[in-house]
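Student: give me a model of this one.
(4 chains)
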Protein chains: 2
Amino acid sequence: MNAHPAAIDLARLAQATSPEGLLTGFELKAFPKGWLLSSPDGPRDQVFIVRSGRLRVYLAGENRELSLSFLEAGDIYTTHTPTYVESVAPTELWLMDTRSFARKLATDPSTTPVMMRVLGRLLSNAVTLIEDLAFREVPARLARFLLGLVERRGQAQDQGWLIPLELGMEDIASLLGSTRQTVSALINQWERQGILQRQGRRSLLIRSISALEAQCPGKP
Amino acid sequence: MNAHPAAIDLARLAQATSPEGLLTGFELKAFPKGWLLSSPDGPRDQVFIVRSGRLRVYLAGENRELSLSFLEAGDIYTTHTPTYVESVAPTELWLMDTRSFARKLATDPSTTPVMMRVLGRLLSNAVTLIEDLAFREVPARLARFLLGLVERRGQAQDQGWLIPLELGMEDIASLLGSTRQTVSALINQWERQGILQRQGRRSLLIRSISALEAQCPGKP
DNA sequence: TCCTGTCCGTCGGCCAGCCGACGTTTCAGG
DNA sequence: CCTGAAACGTCGGCTGGCCGACGGACAGGA
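Tutor: Down below sits the predicted model:
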């Protein structure tokens, strides 16, 4: 659910201008905003590392979409999985097809641990999402989402924690597998209860962490 | 959702009695039926290959369980993910901790492709399950489950396809993220409609593949 | 043969949350 | 300072499917 798989040192590494070291064999390409890089039907044979920009990984049903993750600089991904990948901002990628990548792995074992960590991260995220969809209700998912933001990007204030909100209601709903209306209603209800407070359109002030935690059944 | 990740040649390889070749470094262990091998809370640092028996991989919520997969001879798995793993029959495993395994991967690149395939398979299954939970309703999931069985284990008959059903209603429901009652009601409804037919307690005769396919929105 | 445990079929009540609809707020570009 | 489009807030109706409950069917044990 959370983005940032293995953003550790790759973010800096990916800033290179020529493919050296771990990047050997990758090819730099740029994409405009709104470009569909991969779909479940199309070929699924690429590995890439994000140099800059922003991508959305999502699934699509009849008349709904479920975002799995947003990828940013330093994130690595493979189109092995039947998902859609779309740039939501101008984006630069280090690209490589999986066949070459497999060869690279076979000859250069130092790449393996990175790849394993990435795949492990992806799997963990997927499992967490499955748990959410199967067991938890929307309020719990939204609460966990907000708590995650506090943890990763929250700024302490005397009134509580300020978190940036670069996503609209619609986008959040899509990340949670819910709808705009439900998410909107929940946030406004919580605001009325004093749990949080809107701070302009693009940020949120969390006034009571514990009240949000109370919405999540059984999470330490 | 479907079991059998990389059952290709591993099933035979795992029959060995001493750890040679790919099995180098693994340790053979036996478990009785009903043994909990791993849980989201406990240590999650093992890789194993099933030599014989049967394991269930599942998630647990407040008062429900969701089975992710059943593992059988030749299947490989890692407890990296926060899931429960339990033996549902007496089981023999080739075990190894992830640290040693990482070292093995670094020194013996031939293991890497196997591992990548396995992880890829796990990811694909996870994504498919997410799609099901997020977009499809229970009838569609059940229909796809049955169609999968026909494809993998169906025996042609003049009346239709006979499929073995070694799982009870409860187990099937757990695989689909639904309940015993709902699944039972659906199957009996389909029986009344002549789509399928019970054949004793442990097998099912599918009379109309196309009727089942009609239950799945948009799947070629 | 009966008894007892396990599984299956079916019903009615109930509710989370999806959907459509419509009004209101926000904001960028003229 | 307008203005149109995009995003947000809120309402009511509707329904898939969960839950509890209960009775029947089919074992295996004694």
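
Student: mind checking what helix or strand follows the strand or helix carrying A:Gln181 in sequence?
Tutor: With elements delineated by DSSP states H and E, A:Gln181 resides in helix A:180-192, which encompasses its position. Note on helix A:180-192: by DSSP H and E, the next helix or strand toward the C-terminus is strand A:196-198.

Student: what comes up buried for that next one?
Tutor: For strand A:196-198, burial by neighbour count (16 or more other Cβ atoms under 10 Å in any protein chain shown) applies to A:Leu196. C-betas here are computed from N, CA, C, even on glycine.

Student: report whether that strand contacts DNA strand D.
Tutor: Yes - Strand A:196-198 lies within reach of DNA strand D by Cβ under 7 Å from any atom of the strand, at A:Arg198.

Student: what helices and strands are in contact with that strand?
Tutor: The helices and strands touching strand A:196-198, judged by 3 or more Cβ pairs under 8 Å, 6 or more residues apart in numbering or on different chains; DSSP states H and E, are helix A:180-192, strand A:203-206.

Student: around chain B, which positions in chain A sit nearby?
Tutor: Taking Cβ under 8 Å from any Cβ of the partner chain as the criterion, chain A approaches chain B at residues A:59, A:61-62, A:64, A:66, A:68, A:78, A:80-83, A:102, A:105-107, A:109-110, A:112-113, A:115-116, A:119-120, A:122-124, A:126-131, A:133-136, A:177, A:217-218.

Student: mind doing that once more with 7 Å?
Tutor: Applying the criterion Cβ under 7 Å from any Cβ of the partner chain, the portion of chain A that neighbours chain B consists of A:59, A:61-62, A:64, A:66, A:80-83, A:102, A:105-106, A:109, A:112-113, A:119-120, A:122-124, A:126-127, A:129-131, A:133-135, A:177, A:217.

Student: check the residues you listed for burial and list the buried ones.
Tutor: Using 16+ other Cβ under 10 Å as the threshold, A:59, A:66, A:80-83, A:105, A:112, A:119-120, A:122-124, A:126-127, A:129-131, A:133-135, A:177 are the buried ones among those.

Student: the domain parsing of chain A - what is it?
Tutor: Following automatic domain parsing, chain A resolves into domains at A:10-134, A:137-214.

Student: and those domains, which one's lowest on average pLDDT?
Tutor: Looking at those, the lowest mean pLDDT belongs to domain A:10-134 (a mean of 88).

Student: so that domain, near DNA strand C or not?
Tutor: Yes - on the criterion Cβ under 7 Å from any atom of the strand, domain A:10-134 is in touch with DNA strand C at A:63-64.

Student: roughly how far is that domain from the heart of the chain?
Tutor: Its chain's average C-alpha position is 11 Å from that of domain A:10-134, according to Cα atoms, centre = their mean, to the nearest Å.

Student: kindly list the longest helix within chain A.
Tutor: In chain A, with assignment by DSSP state H, the single longest helix is helix A:111-135.

Student: show me what that helix is packed against.
Tutor: helix A:98-107, strand B:55-60, helix B:98-107, helix B:111-135 (3 or more Cβ pairs under 7 Å, 6 or more residues apart in numbering or on different chains; DSSP states H and E).

Student: apply 8 Å and report the result again.
Tutor: Taking 3+ Cβ pairs under 8 Å, 6+ apart as the contact cut, helix A:111-135 packs with strand A:65-71, strand A:76-78, helix A:98-107, helix A:138-153, strand B:55-60, strand B:65-71, helix B:98-107, helix B:111-135.
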